[in-house]
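[1] quick check, what structure comes out for this input:
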Amino acid sequence: MTPSHLRRALIAGLLAAIVPFVPARAETLDKVTFGTNWVAEAEHGGFFQAVADGTYRKYGLDVTIVPGGPNENNRMLLVAGKIDFFMAANTLMSFDAVANNVPVVTIAAIFQKDPQVMLTHPDAKVTKIEDLKPLTLFVSKEGMTSYFQWLKSEYGFSEKNVRPYNFNPQPFIANPKSAMQGYVTSEPFAVEKAAGFKPNVLLLADYGFNTYSTLIETRRDIVEKKPDLVQRFVDASMIGWYNYIYRDNSAGNALIKKLNPEMTDDLLIYSVAKMKEHGIVDSGDSLKNGIGAMSDERYASFFNKMVKAGVVKADLDFRKSYTLRFINKGVGIELRPNKP
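    Numbering: from 1, shown residues only. Below you'll find the model as predicted:
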C-alpha cells in the first residue's frame, strides 16, 4: 500500500469512528399553529409554558400560538385549515360542532372543572346554590343559553330575577342582594380590587355542572392523516401544564405578559392559585390518567343533563364530538407533587 493509500485508509477509519457521534443534520421541526379563544392569560398558561421552556421543541414541534380576543374567531381559522389546533371553551361547543356538521373533534380537556362561578356579597349569607334564587342574578347572554338552563332544570331557578351581565361588575358591586357570573380565576380578583370586599363564590362544577372546559380541538383530517403529530402536541401540552401549575412557570408568564401587556403579576399568581385550590386543571380522572383526561361516562352524563335542560337534542350523536385516542396515558404525571 502506497503512503497516499495508507493515509486515505487512516482518514476513512477515523471518519468511520467519528460519524456515529455526529448527527447528520439537525432535526426538522413540524410547524404547528394553535389558536386560543381569548387574549393571553393564566388560564392558557400551560401552552405558553410549553413554548417558552422548549417542551414543544423537544417533541419535534415548532408551535406558534395565535391568541384570541373579542374580534377574533380562531375556530373558523381551524375549520378553514389556517391553523392546526384550537382551544374550545367547553363541551357544549363540541356538541354544537356535531349538530352543525363542523369537521372538528375534541382530543383533550385541560380543565376537569369549568371555572364558571356565581359571586355574592359576603353579607348575603349564601352557602349553597339554592340560596341564589331570591337574589338579582347578573347573567350573560351566553350563560342564559347554557348553564342557566341547567340551573332551571336541576335546581328550579326562574328567569324573573335575571338581569343582563355585560362584563361590568359595577351593578353587582352596587347591589348587595345580587349575584354575578364570573370565572373563579379572574372576576373575584377584579371585584376585590374594585370594591374592597372579598366576594363569596359558588363553583357550578361542584354542584353538578360537569362540562369539560378549555378543550383542544383539531380537524378530523389531521387526526386521520397525522396522528403522530396530534399525539406529540397533546403530550407536550400536558407536560407544559404540569410545569405551569406545579413548577417554575416564570417563562410561561413572561410570554403571556409579552403578548398581553395589560396582564399583571398579581392576577397571574391569583389565577394559578385558584386553579390549584379548586382542582380546575388537575382533579377527578386526571389524578390517575393525567392532565387532559376525558371519559365516555363523563360525556354521557353531561349530555343527558343538557338534553334534560333543553340545550341539546336527544338524538344528537354526541360521541362523534370527541376521541379518547390521545389522552388518559398519564403523560407528565410524575411532575405532579405528592400533594396537588
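
[2] what sits against the nearest residue to A195 once chain neighbours are set aside?
    Nearest residue to A195 in three dimensions, chain neighbours excluded: I173, at 4.5 Å (C-beta to C-beta, 6 or more residues apart in numbering). Bear in mind the C-beta positions are built from the backbone N, C-alpha and C, glycine included. Counting by C-beta atoms under 8 Å, 6 or more residues apart in numbering, I173 touches 191, 194-195.

[3] narrow those residues to just the buried residues.
    Among these, those classed as buried by neighbour count (16 or more other C-beta atoms under 10 Å) are V191.

[4] out of the contacts of I173, flag the one nearest to T214.
    Taking C-beta to C-beta as the measure, T214 sits nearest to V191 out of these, at 22.5 Å.

[5] tell me the mean pLDDT for the helix or strand containing that closest one?
    Under the criterion of DSSP states H and E, V191 resides in helix 187-195. Mean pLDDT, helix 187-195: 97.

[6] what do you get for stretch 90-97?
    pLDDT averaged over stretch 90-97 gives 97.

[7] then stretch 236-244?
    Computed over stretch 236-244, the mean pLDDT rounds to 98.

[8] how far away from the center of its chain is that stretch?
    11 Å (C-alpha atoms, centre = their mean, to the nearest Å).

[9] in contact with Q116, which residues?
    By C-beta under 8 Å, 6+ apart, the contact set of Q116 is 143, 147, 181-184, 203-205, 209.

[10] show me which of these is closest to Q49.
    Taking C-beta to C-beta as the measure, Q49 lies nearest Y183 of these, at 19.6 Å.

[11] mind checking the SS state of L137?
    strand (DSSP: H, G, I helix; E, B strand; the rest coil).

[12] shouldn't it be in contact with N161?
    Yes. Taking contacts as C-beta atoms under 8 Å, L137 lies within contact range of N161: 5.4 Å.

[13] more crowded one of these two?
    More crowded of L137 and N161, by other C-beta atoms under 10 Å: L137, with 24 against 17.

[14] buried ones in the longest helix seen in the chain?
    Longest helix in the chain by number of residues (criterion: DSSP state H): helix 227-246. Neighbour counts using 16+ other C-beta under 10 Å place 229-246 of helix 227-246 among the buried residues.

[15] in three-state terms, label the residue nearest to the spatial centre of the chain for me.
    Central residue of the chain (C-alpha atoms, centre = their mean): T214, 2.7 Å from the mean position. The local conformation at T214, judged by three-state DSSP, is strand.

[16] V307 versus that one, what's the distance?
    T214 sits 23 Å away from V307, taking C-beta to C-beta, to the nearest Å as the criterion.

[17] burial measure for N328, as a count.
    Around N328 there are 17 other residues, counting by other C-beta under 10 Å.

[18] what's the nearest residue to it if we skip its chain neighbours?
    Nearest non-adjacent residue to N328 (C-beta to C-beta, 6+ apart): N289, at 4.1 Å.

[19] between the contacts of Q116, which is closest to V311?
    Y147 (9.3 Å).

[20] what's near enough to touch that closest one?
    Taking C-beta under 8 Å, 6+ apart, we find Y147 in contact with 116, 204, 209.

[21] those in helices, which ones?
    Among the contacts of Y147, no member falls in helices (DSSP H).

[22] what about those residues, which are in strands?
    If you go by DSSP state E, the contacts of Y147 have Q116 in strands.

[23] which residues sit against stretch 302-311?
    Here stretch 302-311 makes contact (C-beta under 8 Å, 6+ apart) with 91-92, 95, 145-146, 149-150, 152-154, 208-212, 312-314, 316, 318.

[24] mind redoing it with 6 Å?
    For stretch 302-311, contacts defined as C-beta atoms under 6 Å, 6 or more residues apart in numbering pick out 91, 149-150, 153, 210-211, 312, 314, 318.

[25] also stretch 240-256?
    Outside stretch 240-256, the residues within contact range by C-beta under 6 Å, 6+ apart are 40, 45-46, 48-50, 52-53, 55, 263, 268, 281, 291, 332, 335-337.

[26] just to revisit the earlier point, hang on, isn't the residue nearest to N328 packed against F326?
    No. The criterion here is C-beta atoms under 6 Å, and N289 misses it with F326 at 12.0 Å.

[27] which one's more surrounded, those two?
    More neighbours surround F326 than the other of N289 and F326, with 22 against 18 (other C-beta under 10 Å).
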